[in-house]
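1. I would like to see how this sequence folds:
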Amino acid sequence: MSLDGAYEDDNIFAKILRGEIPCHRIMEDDAVLAFMDAFPQSPGHCLVVPKSPARNLFDIAPDALSALITRVQTVGAAVRSALDPDGVVIMQFNGAPAGQTVFHLHFHIIPRYDGRNFAGHGQSSRGDDAELAEQARKIAAALRG
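-> Numbers count the residues shown, from 1 in each chain. You can find the predicted model right below:
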């Protein structure tokens, strides 16, 4: 898939936003949904997606992008507080050649822990639902303070 193209509303994140596919929600507001990645690269890996139908970073209105990146920062801080990682990777891909696999703009927030392996993008296995639910609960609690 090229960088440019029409937004396709049958992508998995659009289905999650519509409630057609379940997820382990961390937070939701009028602009974004944050939830656990079902295929975590590291314990605590979560995603923040805009509610607006944007294919990539170049396909979103500036005001929606501003709201999105603000929420990425907030959720990232909650991940740090809740899970106490040694570092946090924040990634975002644009186009298949860059590694994008779901064509709905999204940011990955991935805690990193010294001495623990880090699965590559698209190379991890399905996470344990009980563990994902517990991580989501911890991060959501950190958001509430």
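
2. all strands of the chain, in order?
-> For the chain, the strands defined by DSSP state E occupy 25-28, 32-36, 46-50, 87-91, 107-112.

3. helices and strands around the fourth one, which ones?
-> Packing contacts for strand 87-91, counted by 3 or more Cβ pairs under 8 Å, 6 or more residues apart in numbering; DSSP states H and E, involve helix 62-83, strand 107-112. All C-beta atoms are positioned from the backbone trio N, CA, C, and that covers glycine.

4. Return the most buried member of those.
-> Of all the helices and strands packed on strand 87-91, strand 107-112 carries the top mean neighbour count, a mean of 22, counting by mean count of other Cβ atoms under 10 Å.

5. Now that one - C-alpha only, CSV.
-> Output of strand 107-112 as CSV, limited to C-alpha atoms (Å, rounded to 0.1, in the frame of the first residue of the first chain):
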residue,chain,number,x,y,z
PHE,A,107,0.9,5.7,18.0
HIS,A,108,2.5,2.8,19.8
ILE,A,109,3.6,3.3,23.4
ILE,A,110,6.0,0.5,24.3
PRO,A,111,7.6,0.2,27.8
ARG,A,112,11.2,-1.1,27.7
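
6. From the chain's centre, how far out is it? Work that out for me.
-> 8 Å (Cα atoms, centre = their mean, to the nearest Å).

7. residues in contact with that strand?
-> Strand 107-112 has contacts (Cβ atoms under 8 Å, 6 or more residues apart in numbering) with 37, 40-49, 68-69, 72, 75-76, 79-80, 83, 85-92, 118, 121.

8. Please point out which parts of stretch 42-60 sit buried.
-> Buried residues in stretch 42-60, defined by neighbour count with 16 or more other Cβ atoms under 10 Å: 42-57, 59-60.

9. now Ala77: how far from Thr101?
-> Counting by Cβ to Cβ, to the nearest Å, the gap from Ala77 to Thr101 is 26 Å.

10. do Ser125 as well
-> Separation of Ser125 from Thr101 (Cβ to Cβ): 15 Å.

11. neighbour count winner among these two?
-> Set Ser125 next to Thr101 and count neighbours by other Cβ atoms under 10 Å: Thr101 wins out with 12 against 9.

12. If anything else comes up later, I'll come back, but that's it for now.
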